[in-house]
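Give me coordinates for this.
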Amino acid sequence: MGEIIRLGLQQLMELDRDEHIGVGSYERGEKRRSQRNGYKDRQLYTRVCTFVALRVPKIRNGEFYMVV
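Next up is the predicted model:
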């Protein structure tokens, strides 16, 4: 169950980052606001379990923040 939640959260963060940037992965376009810049490994504590492998996406200009 914990792995399903982790994968869902990971996908939501990726989609939120793509929306903020303005284009999807490997896409080019006039609407691009920044570039992807890797991930930060973070832990998320819940009542169910601790997710050690949660990867929070980053962008190059630093205007995108995920509070986890």
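
Helices along this structure, start to end?
Secondary structure of the chain by DSSP state H: the helices cover 2-21.

lowest average confidence, helix or strand, in it?
strand 50-59 (a mean of 78; mean pLDDT, DSSP states H and E).

Now do the buried residues in that strand.
51, 54-59 (16 or more other CB atoms under 10 Å). Using the backbone N, CA and C atoms, a C-beta is placed for each residue, glycine as well.

Wait, Asp18 touches Ser25, no?
Yes. Contact criterion CB atoms under 8 Å: Asp18 and Ser25 qualify, at 7.0 Å.

what's the closest of the buried residues of strand 50-59 to Met1?
Among the buried residues of strand 50-59, Phe51 lies closest to Met1 (CB to CB), at 11.6 Å.

sorry, back to before: and Asp18 and Ser25? Which one has more around it.
Here Asp18 and Ser25 are compared on neighbour count by other CB atoms under 10 Å; more neighbours surround Asp18, at 15 against 9.

And the closest residue in space to that one that isn't next to it in sequence, how far from Tyr45?
The shortest distance from Asp18 to any non-neighbouring residue, by CB to CB, 6 or more residues apart in numbering, is to Gly24 (5.1 Å). Computed as CB to CB, to the nearest Å, the Gly24 to Tyr45 distance reads 31 Å.
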